[in-house]
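Trainee: coords please:
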Amino acid sequence: MKKLFIPIALAVVSMPALLAQSAIDGTWKIDPSKVDFSKKPDVQVLQGGMYECKTCVPAYKIKADGTDQAVTGHPYYDTIAITVVNDHEIQDVRKKGGKIVSTATITVSSDGNTQTVKFSDSSATNGGPPVTGKGTAIRTAKGPAGSHAVSGSWVSKSIDGISDNAIVWTYKVSGNEVTMTNPTGQSYTAKLDGTDAPMKGDPGTTSVSVKMIGKSTIEETDKRDGKVIGTWKMTVATDGKIAKGTAVDTLANRTTLFDVVRQ
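Mentor: Purely as a prediction, here's the structure:
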């Protein structure tokens, strides 16, 4: 997410822009209780010993026998192992280069209408503590007849107990540049004119471009190998204490809205 002008005349002319940029300065944290998730469902099918994620980008279909199955096109992992625990629960273990980078237990309620995912993800934490938490989703469509309970269409409802390292970051504006840092080790320093700058520490994002819009809005465009994969826009309220954030996943065509609080 996330100079000194020597000539006096230029400093005076530039003052409004510098004041505007300072609205985003500081450390920010998403309020997990105030997230408006995309209404586009996740679609998965587990049947006949095969697990298919139809809405993953790219989609994949693999054996669900507990062994590592190769997948391509996913920068954070290269194998997935799906284990069927019982008729309402599965485990998902992902690796990259043979090393476990994430684990998840996916459980469907007895009535089949709610899915709970407990996860631990270190795929982008650069050796630091993993991101942990629990999410819930509501069924919007059933899976094929005879398929496992996880099959069907699910829309995210809430996320609980997520670790701070996933939802905290800091902006620092200096002249016409902004630096973003966060606890999981991602960072960039970018000019506020939309020029591409390298993203550090993120296997899935290679560059960003950042713009200030008006006095209190920052817009970040994320790219992978030159291709836009998403955007983040944050507008700070007049009190400077809260902000509204909008994250767009371009590849999956999903938009999520956040309340963000200055720390």
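Trainee: wait, residue 120 sits on residue 130?
Mentor: Yes. Taking contacts as C-beta atoms under 8 Å, residue 120 lies within contact range of residue 130: 4.6 Å. For glycine as for every other residue, the C-beta is placed from the backbone atoms N, C-alpha and C.
Trainee: higher neighbour count, the two?
Mentor: Taking other C-beta atoms under 10 Å, residue 120 and residue 130 do not tie; residue 130 has more neighbours (20 against 16).
Trainee: Okay, domains of the protein per the record?
Mentor: Annotated domains of the chain cover 8-34+165-262, 42-162 [automatic domain parsing].
Trainee: worst average pLDDT in those?
Mentor: Ranked by mean pLDDT, the domains of the chain bottom out at domain 8-34+165-262, with a mean of 89.
Trainee: hey, what's in contact with both of residue 120 and residue 130?
Mentor: Common neighbours of residue 120 and residue 130, using C-beta atoms under 8 Å, 6 or more residues apart in numbering, are residue 102.
Trainee: Quick check: the gap between the nearest residue in space to residue 182 that is not next to it in sequence and residue 254.
Mentor: Spatially, and ignoring its direct neighbours in sequence, residue 182 is nearest to residue 169 (3.9 Å; C-beta to C-beta, 6 or more residues apart in numbering). From residue 169 over to residue 254 the distance is 20 Å, taken as C-beta to C-beta, to the nearest Å.
Trainee: of the two, who's got more company?
Mentor: More neighbours surround residue 169 than the other of residue 169 and residue 254, with 21 against 18 (other C-beta under 10 Å).
Trainee: For that one, name its beta-bridge partners.
Mentor: Bridge pairing for residue 169 (DSSP bridges) gives the partners residue 28.
Trainee: I'd guessed residue 223 sits against residue 210; true?
Mentor: No. With contact defined as C-beta under 8 Å, residue 223 does not reach residue 210; the gap is 11.7 Å.
Trainee: ok now stretch 234-251, how far from the chain's centre?
Mentor: The chain centroid and the centroid of stretch 234-251 are separated by 14 Å, computed with C-alpha atoms, centre = their mean, to the nearest Å.
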